[in-house]
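Asks: My questions concern the predicted model and sequence given below.
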Amino acid sequence: MARNLGIIPLRSFVAVADCGSFQRAATSLHLSQGAVSQHVRRLEETLGRTLIEREGRGSRFTAAGEALLGHARRILALHDETLRELGVESELSQTLVIGSTEHAAAQLLPGLASSLKATFPHCRVQFRIDRGTQLRSRLADGRIDLALLLGPAEEPAARTVGELELTWYSAPQWGPPARGEPVPLVAFDPPCALRTRALETLAANRVSVELGCEAANLAGFQAAVRAGLGVGLMATLGRSPDGLVARDELPAAPPLALSVTPRRGLPDHLVDAAVRALTHLLDRRGPAPIPIRSVTPLLGAA
């Protein structure tokens, strides 16, 4: 009887190695954990040897498993390359789940989605909008494939794709406080790179601050600024939100880096495509610098 390893079991086997566990592999492949375990057992039955052994709460690859892993990667790479070159959709059509903070979503995700769909016509693109801490948790669990995060690329696999200019906004009727009075600030709940940048920028310029409002999401943040509860620092790619005006009385805040972090095991060609698309979008759509005057006497040092 002829023995056949099968592309689908091999894909699950490699995903276990790349993602670090059966559960994460199952999530990344959009399968059940039982299905991934069954695929590995099928390979073991075909080869007549154990490939992955339980070790405490985790598992480890046996010598046979390590040997198969190298061959499996080459088989899958050639298989997928053949399908791509022939324009044939794989039986496991890739679903790319992109997580983004709200600050980058409105301006960047439409263009990113169009670019990725053009590059990978058989790739389904889905989105998840969330806070940075939740996105990092979902990356670790394999529930999203890529995360667009504000701040420098700290994780080893992360890549910085550009910088987002930051602008102070207020309600049209808002006026700077009298000299010596603190500036009311609307800020996101910590931890937040924008909150930190706003506080550090004002502190560095000896501008005293009081929190006028804290918000958990962008809608609440903009509503508070629109209501005149304080000024807020945002990354908007030069597009002022409805009902808000840019302020140049406050010290300029340095731009924030935008980084892309992939989950473990995400194919390099998907990461490369996302990085290229985002870099192009930021280069093409970045705003012209907003002229910033020096801090006026109304915002004198505390």
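Replies: Ah, there it is.

Asks: Let me see the ranges of the helices in the chain.
Replies: 7-19, 22-29, 33-47, 63-86, 102-119, 132-141, 193-204, 218-226, 268-285 (DSSP state H).

Asks: show me where pLDDT drops low in the stretch 101-250 of the chain?
Replies: 106, 121-122 (pLDDT under 70).

Asks: If we use 90, what do you get?
Replies: For the stretch 101-250 of the chain, applying pLDDT under 90 flags the ranges 101-128, 130-134, 136-145, 149-157, 161-164, 175-180, 191-193, 217-218, 235-242, 248-249.

Asks: Run a quick check on Phe22 versus Ser37, I expect a contact.
Replies: Yes: when contacts are counted by CB atoms under 8 Å, Phe22 is listed as touching Ser37 (5.9 Å). All C-beta spots, glycine's among them, are computed from the backbone N, C-alpha and C.

Asks: Let me see the domain layout of this structure.
Replies: Domain assignment for the chain by automatic domain parsing gives 7-86, 95-163+257-285, 167-253+289-299.

Asks: could those be laid out in JSON lines, adding mean neighbour count?
Replies: Output for these, formatted as JSON lines (neighbours: other CB atoms under 10 Å):
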{"stretch": "domain 7-86", "mean neighbour count": "16"}
{"stretch": "domain 95-163+257-285", "mean neighbour count": "18"}
{"stretch": "domain 167-253+289-299", "mean neighbour count": "17"}
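
Asks: and His30, what is it in contact with?
Replies: Thr95 (CB atoms under 8 Å, 6 or more residues apart in numbering).

Asks: Which pLDDT value goes with it?
Replies: Here, the pLDDT recorded for His30 equals 77.

Asks: so how far is Gly232 from it?
Replies: 38 Å (CB to CB, to the nearest Å).

Asks: Could you do Val209 as well?
Replies: From Val209 to Gly232 the distance is 12 Å (CB to CB).

Asks: And the contacts of stretch 183-202?
Replies: Among residues not part of stretch 183-202, those counted as contacts by CB under 8 Å, 6+ apart are 103, 131-133, 150-151, 166, 176-177, 207-216, 221, 224-225, 229-235, 250-254, 256, 299.

Asks: Centroid-nearest residue for this structure?
Replies: Central residue of the chain (CA atoms, centre = their mean): Ala147, 1.6 Å from the mean position.

Asks: wait, doesn't that one sit right on Val271?
Replies: No: taking CB under 8 Å as the definition, Ala147 is not a contact partner of Val271, at 11.5 Å.

Asks: who touches both of the two?
Replies: Going by CB under 8 Å, 6+ apart, residues that sit against Ala147 and also against Val271 are Val260.

Asks: Let me see the contact set for Ala72.
Replies: Contacts of Ala72 by CB under 8 Å, 6+ apart are 5, 10, 13-14.

Asks: OK, contacts around the closest residue to it other than its chain neighbours?
Replies: For Ala72, ignoring the flanking residues on the chain, the nearest one in space by CB to CB, 6 or more residues apart in numbering is Leu10 at 4.6 Å. Listed by CB under 8 Å, 6+ apart, the contact partners of Leu10 are 43, 72, 75-76.

Asks: tell me which of the residues you listed is nearest to His280?
Replies: Nearest to His280 among the contacts of Leu10 is Leu76, at 28.9 Å by CB to CB.

Asks: Relative to Arg263, how far out is Arg159?
Replies: 14 Å.

Asks: I misspoke; the intended subject was Val36.
Replies: Taking CB to CB, one finds Val36 at 16 Å from Arg263.

Asks: can you pull the contacts of Phe22?
Replies: Phe22 is in contact with 16, 33, 36-37, 40, 59, counting by CB under 8 Å, 6+ apart.
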